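Asker: next one to model:
(one chain, ligands or ions: 4)
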Amino acid sequence: MASYRFITLAIVAIIVLPTVVMATEYIVGDDKGWNLNFKSQDWAKDKVFYVGDTLVFNYIVGNHSVFKVNGTGFNDCIVPSPELGLTTGNDTIPLKAPGNKWYICGVKKHCADHGMKLAITVQAEAPAVAPTPTKSSAFQITSSASQLIMAAMVFIAMIVV
Ligand SMILES: *[C@@H]1O[C@H](CO)[C@@H](O)[C@H](O)[C@H]1NC(C)=O
Ligand SMILES: *[C@@H]1O[C@H](CO)[C@@H](O)[C@H](O)[C@H]1NC(C)=O
Ligand SMILES: *[C@@H]1O[C@H](CO)[C@@H](O)[C@H](O)[C@H]1NC(C)=O
Ligand SMILES: [Cu+2]
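Answerer: Residues are numbered from 1 along each chain as shown. Ligands and ions are numbered 1, 2, ... in the order given. All right, here's what the predicted structure looks like:
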């Protein structure tokens, strides 16, 4: 009975986990955090951001801040009014919509003089099963149908257990 329950949980995990694991939390600047001489291009270049991911800006409270701006604000380092800024030192920003996003530091001339600016492009939601160009739509239908059948089997198994 116990092992049956374990198998059921394992099957649930196999179905559910891939969609959960896809959401990534990105620490901006990694170990160095959101700091002077942040190398925006270096940090972002190998990353693909998807809707559902989050950005975390880590820094010493008071030393920096985070403002979401538009492309003009990014290029010209235009800091919006202070109440629009994030200042907790651990600012978590969920990426809710696809498109270009721009963030700058609002402290002194950190944006203009120290490169404290970040531009990223957020892609639409990451597919649970990575699509390949060769996959036919028929296969995709088959694949989602088999997922449905598996989900139904798990549901039945759980009732039985
Ligand atoms: C934070 O700001 C304070 C005051 O300006 C400064 O003394 C300190 O060195 C800064 N810390 C870091 C890690 O930059
Ligand atoms: C960018 O943001 C600034 C300040 O919020 C605003 O005045 C300006 O019109 C915006 N520019 C564009 C192209 O949206
Ligand atoms: C930063 O915030 C996240 C949630 O927004 C939390 O999980 C995490 O523990 C916080 N880290 C610190 C160092 O406060
Ligand atoms: Cu700063």
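Asker: so residue 60 sits against residue 89, correct?
Answerer: Yes. Counting by Cβ atoms under 8 Å, residue 60 does reach residue 89; the two are 6.2 Å apart. To be clear about C-beta, it is placed using only N, CA and C from the backbone, and glycine gets the same treatment.
Asker: the two: who's more crowded?
Answerer: Neighbour tally, residue 60 and residue 89, criterion other Cβ atoms under 10 Å: the higher count belongs to residue 89, 17 against 10.
Asker: quick one, what contacts the more buried one?
Answerer: The contact partners of residue 89, by Cβ atoms under 8 Å, 6 or more residues apart in numbering, come to 58-61, 64.
Asker: cool, residue 112 as well?
Answerer: Neighbouring residues of residue 112 by Cβ under 8 Å, 6+ apart: residue 77.
Asker: and it, how far from ligand 4?
Answerer: Plainly put, residue 112 is 11 Å away from ligand 4 if you go by Cβ to the ion, to the nearest Å.
Asker: and that residue, that one's in a helix?
Answerer: Yes. Looking at residue 112 with DSSP: H, G, I helix; E, B strand; the rest coil, it is inside a helix.
Asker: shaky segments in this protein?
Answerer: The chain contains residues with pLDDT under 70 at 1-22, 126-161.
Asker: up against ligand 4, what does it have?
Answerer: By the rule Cβ under 5 Å from the ion, the part of the chain lying against ligand 4 is 64, 105, 107, 110, 116.
Asker: just the ones of the residues you listed in helices?
Answerer: residue 110 (DSSP state H).
Asker: now for the residues of the chain next to ligand 4: which two are most distant?
Answerer: Spanning the widest gap among the residues of the chain next to ligand 4 are 107 and 116, at 8.0 Å by Cβ to Cβ.
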